[in-house]
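Undergrad: sequence and predicted structure below; questions after.
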There are 2 protein chains.
Amino acid sequence: MSKAPEKSTETPAVRVDSTLSKGLSILETLAGSPKGRGVTELSQILGLSKSNTFRLLRSLSELGYVRMSENKAYSATLKVWQVGQTLMDNIDLPALCAPHMLKLSQEFGEAIYLAVPEGLSVIYIDKLESTQPIRSFTPKGGTAPIHCVGTGKAILAANYEQLRDQLKGNLKRYTDNTITSMQRMDKDMASARANGYAIDTAEYRDGIYSFGAAILMPTGEAIAAIGVSVPEVNLKGNRAEEISLAVGKQAAEASRMLAS
Amino acid sequence: MSKAPEKSTETPAVRVDSTLSKGLSILETLAGSPKGRGVTELSQILGLSKSNTFRLLRSLSELGYVRMSENKAYSATLKVWQVGQTLMDNIDLPALCAPHMLKLSQEFGEAIYLAVPEGLSVIYIDKLESTQPIRSFTPKGGTAPIHCVGTGKAILAANYEQLRDQLKGNLKRYTDNTITSMQRMDKDMASARANGYAIDTAEYRDGIYSFGAAILMPTGEAIAAIGVSVPEVNLKGNRAEEISLAVGKQAAEASRMLAS
DNA sequence: GTTAATTGTGCCAATATACAGTACATGTGT
DNA sequence: ACACATGTACTGTATATTGGCACAATTAAC
């Protein structure tokens, strides 16, 4: 029983440093164990020898990833979380989305935005100018209310559970089309979620439509949105639908990039 | 300053599995590198041989922690983040805080609460009953507005930047003492932050004072708060101050436990 | 356009490293 | 009091990891 009973049938099986692999497994397991786990317990779960497990745990402790509580139970420290956090903080959203935004820009020639949520607003962190003579003018760094622009609504739809409560009573009207009732908003968000994109029918600025789709974490949480802003006069035929679908597709691809 | 090239003179130096250590270093470095890094670059940064670095990167890729972009640059995937996230989700706050809550309970005999933020409210996820004949009655699972109870105010103070905007116009009055102006709230929060605890002077329920202090992540963000709820009649002499300091101390200790 | 310098990647032999097994000490439950 | 299970320490051996070198493919220099 020196080797695995069933030898893997096909894979040329890239050699994976076993210590690293085992150590990470331990970390993963521990991350999912609120009460911590003992050496023996862990060794059984992972199918490792007790001494091996112990050694790995000691190394991880030394490196600060694992701690031993009074009760001799090992549990993961917040260091993994911190690393994950700096990873999140260092995600270069503009770089990640640039190719997808560019594609949209080339396809439609309209202004393309990249927005992140901030409370009940969105902040535009990147923008490609419209090539059309008629321009909309929200500058990079500008903000907009989350409930009435394409990017905002896309984010709102994805994180609706979390945001709905705060939204109540804050549906400020900007144009005749602004959605100001929670009932209508609920329906709008439901369809946005179903479609994978959100539409602002001149709900923020008169005559300006916008289409947005969210960049989603693996958990489903939206961390940003891509949007296309279009003067109403430029929307002939089924242009609106074309743009909506294209935005949805590009955002989905960007999300896939994120998750890898 | 990671490890001295010359053999370390004093430390008995617990043997640390080097592969694991190196692999985690790579992960940490990559997490802080938005654009990704090349093999050679990484090997220089970490002082490893190129082949070693390459092998580790390949292993990490195989394990799903690292990806190689088209441009031959390796970057970390969101897997670390996911692990960190499940870690966060699995933190057993009641267990973590139990000893500290118990200490407070024994010391003062009043009702002790453990609360987590939820939008502009707090939810009480754990509670130790008062031993006094006079009881306050918020049950476990109950909620309270964040701006007028001890636990809530403690959390609010810590996360003020993030929450202040949403708070505007939502400072609902519950008692004569409820703080309803943002100016007063700003000052109150500033002093709460300075003190390390927050005081509710019967701002939610008439005759009920409460004292709260936040459980903080290493980043300074509050994820919960411990609180003591006390009928005004039980506050003689400098009892209020005693309780405040004790709550602050216990919460700080719980935060230290969190961070390890 | 040719050279020169870097890059990522594959290979291999040497040895340092991580491994299993065993032993012991402490603690837990019966 | 016992037996049992747990965390920890030790040690010799074999295996897995390592550094050095070589190669291919880009990229930079000229």
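TA: Perfect, thanks for sending it.
Undergrad: give me the low-pLDDT residue ranges for the stretch 101-250 of chain A?
TA: A:134-136 (pLDDT under 70).
Undergrad: where do the strands sit along the stretch 51-200 of chain A?
TA: Here the stretch 51-200 of chain A has its strands, by DSSP state E, counting those that start in this stretch, at A:66-68, A:74-76, A:111-118, A:121-128, A:143-145, A:198-201.
Undergrad: figure out which of those strands is closest to A:T29.
TA: strand A:74-76 (8.8 Å; Cβ to Cβ). All C-beta spots, glycine's among them, are computed from the backbone N, C-alpha and C.
Undergrad: and the closest one, what does it pack against?
TA: In terms of contacts (3 or more Cβ pairs under 8 Å, 6 or more residues apart in numbering or on different chains; DSSP states H and E), strand A:74-76 is packed against helix A:18-31, strand A:66-68.
Undergrad: so is the shortest one next to DNA strand D?
TA: Yes. Part of strand A:66-68 sits near DNA strand D under the criterion Cβ under 7 Å from any atom of the strand, namely A:M68.
Undergrad: direction included, what does that strand pair against?
TA: Using DSSP bridges, the strands paired with strand A:66-68 are strand A:74-76 (antiparallel).
Undergrad: tabulate the strands of the stretch 51-200 of chain A in TSV, adding columns for distance to DNA strand C.
TA: Below are the strands of the stretch 51-200 of chain A laid out as TSV (distance: least, Cβ to the nearest atom of the strand, whole Å):
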stretch	distance to DNA strand C
strand A:66-68	13
strand A:74-76	16
strand A:111-118	28
strand A:121-128	27
strand A:143-145	39
strand A:198-201	39
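Undergrad: got the contact list for the residue of the stretch 101-250 of chain A found nearest DNA strand C?
TA: Closest residue of the stretch 101-250 of chain A to DNA strand C, Cβ to the nearest atom of the strand: A:P218 (24.9 Å). Shown in contact with A:P218 (Cβ atoms under 8 Å, 6 or more residues apart in numbering or on different chains): A:258-259, B:78, B:82.
Undergrad: quick one on the thing from earlier: mean neighbour count added to the strands of the stretch 51-200 of chain A, as JSON lines?
TA: Shown next, in JSON lines, are the strands of the stretch 51-200 of chain A (neighbours: other Cβ atoms under 10 Å in any protein chain shown):
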{"stretch": "strand A:66-68", "mean neighbour count": "20"}
{"stretch": "strand A:74-76", "mean neighbour count": "24"}
{"stretch": "strand A:111-118", "mean neighbour count": "23"}
{"stretch": "strand A:121-128", "mean neighbour count": "20"}
{"stretch": "strand A:143-145", "mean neighbour count": "19"}
{"stretch": "strand A:198-201", "mean neighbour count": "25"}
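Undergrad: B:D126: which of those is closest?
TA: So among these, strand A:74-76 is nearest, using Cβ to Cβ, at 19.1 Å.
Undergrad: that closest one: how far from the chain's middle?
TA: Computed by Cα atoms, centre = their mean, to the nearest Å, the separation of strand A:74-76 from the middle of its chain amounts to 28 Å.
Undergrad: which residues are contacting it?
TA: Residues outside strand A:74-76 that contact it (Cβ under 8 Å, 6+ apart): A:27, A:30-31, A:33-39, A:42, A:57, A:61, A:65-69, B:87.
Undergrad: distance of the residue of the stretch 101-250 of chain A closest to DNA strand C relative to DNA strand D?
TA: 28 Å (Cβ to the nearest atom of the strand, to the nearest Å).
Undergrad: one more: A:L104?
TA: 26 Å.
Undergrad: and for A:T131?
TA: On the measure of Cβ to the nearest atom of the strand, A:T131 and DNA strand D end up 29 Å apart.
Undergrad: whichever of the contacts of A:P218 end up buried, select them in ChimeraX.
TA: Of these, the buried ones can be selected in ChimeraX as follows, counting by 16 or more other Cβ atoms under 10 Å in any protein chain shown:
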select /A:258 /B:78,82
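Undergrad: point out the ones among the contacts of A:P218 that are inside helices.
TA: Mapping the contacts of A:P218 onto helices (DSSP state H) picks out A:258-259, B:82.
Undergrad: mind checking how far the helix or strand harbouring A:S210 is from the chain centre?
TA: Element membership for A:S210, per DSSP states H and E: strand A:208-216. In terms of Cα atoms, centre = their mean, the centre of strand A:208-216 is found 14 Å from the chain centre.
Undergrad: each with direction, which strands does it pair with?
TA: Applying DSSP bridges, one finds strand A:208-216 paired with strand A:198-201 (antiparallel), strand A:222-231 (antiparallel).
Undergrad: can you list these in JSON lines and add distance to A:Y124?
TA: Formatted as JSON lines, the strands paired with strand A:208-216 follow (distance: least, Cβ to Cβ, whole Å):
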{"stretch": "strand A:198-201", "distance to A:Y124": "14"}
{"stretch": "strand A:222-231", "distance to A:Y124": "9"}
